[in-house]
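Novice: Curious how this folds, go ahead:
(one chain, ligands or ions: 1)
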Amino acid sequence: MTSVHALPPVIAAHDLTKTYTFHQQRAGLGGALKSLVRRTYETRLAVDRVTFDIGRGEVVGLLGPNGAGKTTTLKMLSGLLYTTSGDLQVLGHTPSARKHEYLRRIALVMGQKTMLWWDVPAMESLLLHKDMYGLSTTEFDRNVSELADLLEVGHLLNVQVRKTSLGERMKLELMAALVHGPEILFLDEPTIGLDVVAKARVRSFLADVNRLRGTTILITSHDMDDIEALCSRVMIIDHGRLQYDGGLDELVRTARPRKLVRATYAAPVDVGQLDGVTDVEVSGTTVELEADRDRAGAVMEQLTRLGPLVDLDVADADIEDIMRDLFQRRSSL
Ligand SMILES: Nc1ncnc2c1ncn2[C@@H]1O[C@H](COP(=O)(O)OP(=O)(O)OP(=O)(O)O)[C@@H](O)[C@H]1O
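Specialist: Below you'll find the predicted structure:
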């Protein structure tokens, strides 16, 4: 489950656990009054003995269904929450100590929360970050100019934040998060609610940040296109437990060892003789089927012999479908 790194990991979590204890409010006025007299507490195990290492410069996707424990994990890693038990070291620090030297080296962006002041231009928030992180004017100017170019937001820096669109604001959020040059970036749903163009822009920006600055990125997203575009490694968490930690390709191969093949012919063909295939569906002149990865070549050969081909397409199973199957299977266990 753990990956091998030449250098010591920048994030090392061992048996990381978080239990929330919270007051259970009863319904209605009577319930509220009773709650005042006798409080009932509940506990919820949100993250359950999770162990992983992340190496410098990796981009790792943290995936899982709603309520799996992803945000809780990111909050512990960024020092917003205490851990209940387990060992956690990020850049050699215990995050919950919230030491300035630690906070200066990381950043957390939550797609649903803003760290920018609404009523003033983003530049004011950036200047606050300059002071907070003790950046020199040269360093600040260089970072602002580099980030503004990559994100194409130079023209927005002096516009009141409340007057920017959601996509523009997310770019400004990323800029504010990165202006102090953090070594690790924690991202919680950074593309939520954005249109396809803005999503693509954010993804390519993050890929650039990783490539140019060597920033380590841990990202949660329900949008599998984000994950496919950015992460070669994914960790799947469900009911607080780490269920998978490995390559995205490997996950696809293991979860769906078959290739999807679609052939379109000039005229209807007879598929009765096809060998080594499953789930054959014929619709007019189009044939769709699944074939084992290692037999895909032989299947294609057979398909070319069935009749004059107009189009032939071979694809891996959609990662979105794989996740849906994985999560549905688990929740029905
Ligand atoms: N402050 C809290 N108090 C009590 N329980 C909480 C608190 N925050 C989260 N939880 C619970 O902990 C579990 C994990 O929540 P978490 O927000 O980490 O999940 P998630 O994987 O990020 O989900 P989503 O994809 O919906 O954002 C859930 O059962 C949630 O209800």
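
Novice: Quick check, Gln302 in contact with Asp275.
Specialist: Yes - between Gln302 and Asp275 there is a contact under C-beta atoms under 8 Å: 6.7 Å. Where you see a C-beta, it was placed from the backbone N, CA and C, and this is true even at glycine.

Novice: which of those two has more neighbours?
Specialist: Just comparing Gln302 and Asp275: by other C-beta atoms under 10 Å the higher neighbour count belongs to Gln302, 17 against 9.

Novice: which non-adjacent residue is nearest the more buried one?
Specialist: Leu274 (5.8 Å; C-beta to C-beta, 6 or more residues apart in numbering).

Novice: same deal with Asp279?
Specialist: Glu290 (4.7 Å).

Novice: what bridges to the one you found?
Specialist: Counting by DSSP bridges, Glu290 forms beta bridges with Leu260, Thr278.

Novice: how about it, what does it touch?
Specialist: For Glu290, the contact set (C-beta atoms under 8 Å, 6 or more residues apart in numbering) comprises Arg258, Lys259, Leu260, Val261, Val277, Thr278, Asp279.

Novice: measure the first one to Val287 for me?
Specialist: What that stands for is Arg258. 15 Å (C-beta to C-beta, to the nearest Å).

Novice: Looking at the two, which is more packed in?
Specialist: The neighbour comparison of Arg258 against Val287 (other C-beta under 10 Å) goes to Val287, with 23 against 18.

Novice: The more buried one reaches Tyr265, doesn't it?
Specialist: Yes - assessed by C-beta under 8 Å, Val287 is found in contact with Tyr265 at 7.4 Å.

Novice: Am I right that Gly193 sits in a strand?
Specialist: No - according to DSSP: H, G, I helix; E, B strand; the rest coil, Gly193 belongs to no strand; its state is coil.

Novice: okay, it: pLDDT?
Specialist: We have a pLDDT of 86 for Gly193.

Novice: Chain neighbours aside, what residue packs nearest to it?
Specialist: Closest residue to Gly193 apart from its sequence neighbours, by C-beta to C-beta, 6+ apart: Leu166 at 5.6 Å.

Novice: just checking, that neighbour touches Thr191?
Specialist: No - at 10.4 Å, Leu166 does not count as touching Thr191 under the criterion of C-beta under 8 Å.

Novice: I'd like the distance between the residue nearest to Gly193 and the ligand.
Specialist: With distances taken as C-beta to the nearest ligand atom, to the nearest Å, Leu166 is found 18 Å from the ligand.

Novice: again, but for Asp208
Specialist: To the ligand, Asp208 is 26 Å away according to C-beta to the nearest ligand atom.

Novice: For that residue, which residues are in contact?
Specialist: Contacts of Asp208 by C-beta under 8 Å, 6+ apart are Leu150.

Novice: that's a helix at it, yeah?
Specialist: Yes - the assignment for Asp208 is a helix, going by three-state DSSP.

Novice: pLDDT score assigned to it?
Specialist: Here the pLDDT value assigned to Asp208 is 94.

Novice: returning to that earlier point: what touches both of Val287 and Tyr265?
Specialist: Leu306.

Novice: In three-state terms, how would Glu139 be classified?
Specialist: What three-state DSSP gives for Glu139 is helix.

Novice: ok, for it, nearest residue in space, not its chain neighbours?
Specialist: In space, Glu139 comes closest to Gly181 once its chain neighbours are excluded; the distance is 7.6 Å by C-beta to C-beta, 6+ apart.

Novice: Correct me if wrong, but that neighbour is in a strand.
Specialist: No - Gly181: not assigned to a strand; according to three-state DSSP it is coil.

Novice: Which residues are in contact with Val271?
Specialist: With C-beta under 8 Å, 6+ apart, Val271 has these contacts: Val280, Val282, Val287, Leu289, Leu306.

Novice: try 6 Å
Specialist: By C-beta atoms under 6 Å, 6 or more residues apart in numbering, the contact list for Val271 reads Val280, Val282, Val287.

Novice: Columns pLDDT and distance to the ligand on top of those residues, output as CSV?
Specialist: CSV is the format used below for the contacts of Val271 (pLDDT from 0 to 100; distance: C-beta to the nearest ligand atom, whole Å):
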residue, pLDDT, distance to the ligand
Val280, 90, 37
Val282, 93, 39
Val287, 94, 38
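
Novice: Where do the domain boundaries of this protein fall?
Specialist: 11-252, 257-315 (automatic domain parsing).

Novice: worst average pLDDT in these?
Specialist: Among the domains of the chain, domain 257-315 has the lowest mean pLDDT, at a mean of 89.
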